[in-house]
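Chemist: Attaching a predicted model along with its sequence, questions to come.
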Amino acid sequence: MKVTRDVILDLLPLYIAEEASADTRILVEKYLEMDPELADIAAQSAEMFQPDDSPIPLTTEDQMKSYLEAKRFMFRRNLIWAILIGLGLFMVFALALIAAFFLLASSPVAM
């Protein structure tokens, strides 16, 4: 089975990130020996890739600020939902009272 350039291009990110298996690394390296143009692209990509770009861990103070901000956001969201549900129930109750009033007012009163 012949390995195409597209297959190598698919494997190249894993190869550059050093996450490919040993067999895959050998396959990519052999192909790069035969294709100097792609080898140059791989070398440039490897220079740009910096595995030390991991996120900086947050300090305890930053974690607490994030926690409090999320807590405030959830409180506001829950408060808005409670107000909307309360207004909805109030409207339903008010409409029911108005409907009952009109039904009682329009019915003949037996005396």
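Modeler: Thanks, I have the structure now.
Chemist: for this structure, which residue is closest to the average position?
Modeler: residue 70 (16.1 Å; C-alpha atoms, centre = their mean).
Chemist: before we move on, which element is that residue in?
Modeler: Using DSSP states H and E, residue 70 falls within helix 60-106.
Chemist: how distant is that helix from the center of its chain?
Modeler: Computed by C-alpha atoms, centre = their mean, to the nearest Å, the chain-centroid distance of helix 60-106 equals 27 Å.
Chemist: pLDDT of that helix, averaged?
Modeler: Helix 60-106 comes out with an average pLDDT of 95.
Chemist: swap in stretch 24-36?
Modeler: Averaged across stretch 24-36, pLDDT comes to 91.
Chemist: For it, buried residues please.
Modeler: Across stretch 24-36, burial judged by 16 or more other C-beta atoms under 10 Å covers 27, 28, 31, 32. C-beta here means a position set from N, CA and C on the backbone, and glycine is covered the same way.
Chemist: Could you dump these into a markdown table with distance to residue 49 added?
Modeler: Conversion of the buried residues of stretch 24-36 to a markdown table gives the following (distance: C-beta to C-beta, whole Å):
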| residue | distance to residue 49 |
| --- | --- |
| 27 | 19 |
| 28 | 15 |
| 31 | 19 |
| 32 | 16 |
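Chemist: Can you give me every residue that contacts residue 49?
Modeler: 16, 17 (C-beta atoms under 8 Å, 6 or more residues apart in numbering).
Chemist: redo that, cut-off 6 Å
Modeler: By C-beta atoms under 6 Å, 6 or more residues apart in numbering, residue 49 lies in contact with residue 16.
Chemist: and it, how far is that from residue 13?
Modeler: 9 Å (C-beta to C-beta, to the nearest Å).
Chemist: Mark out where each domain of the protein begins and ends.
Modeler: The record's domain split for the chain, according to automatic domain parsing, is 5-48, 56-111.
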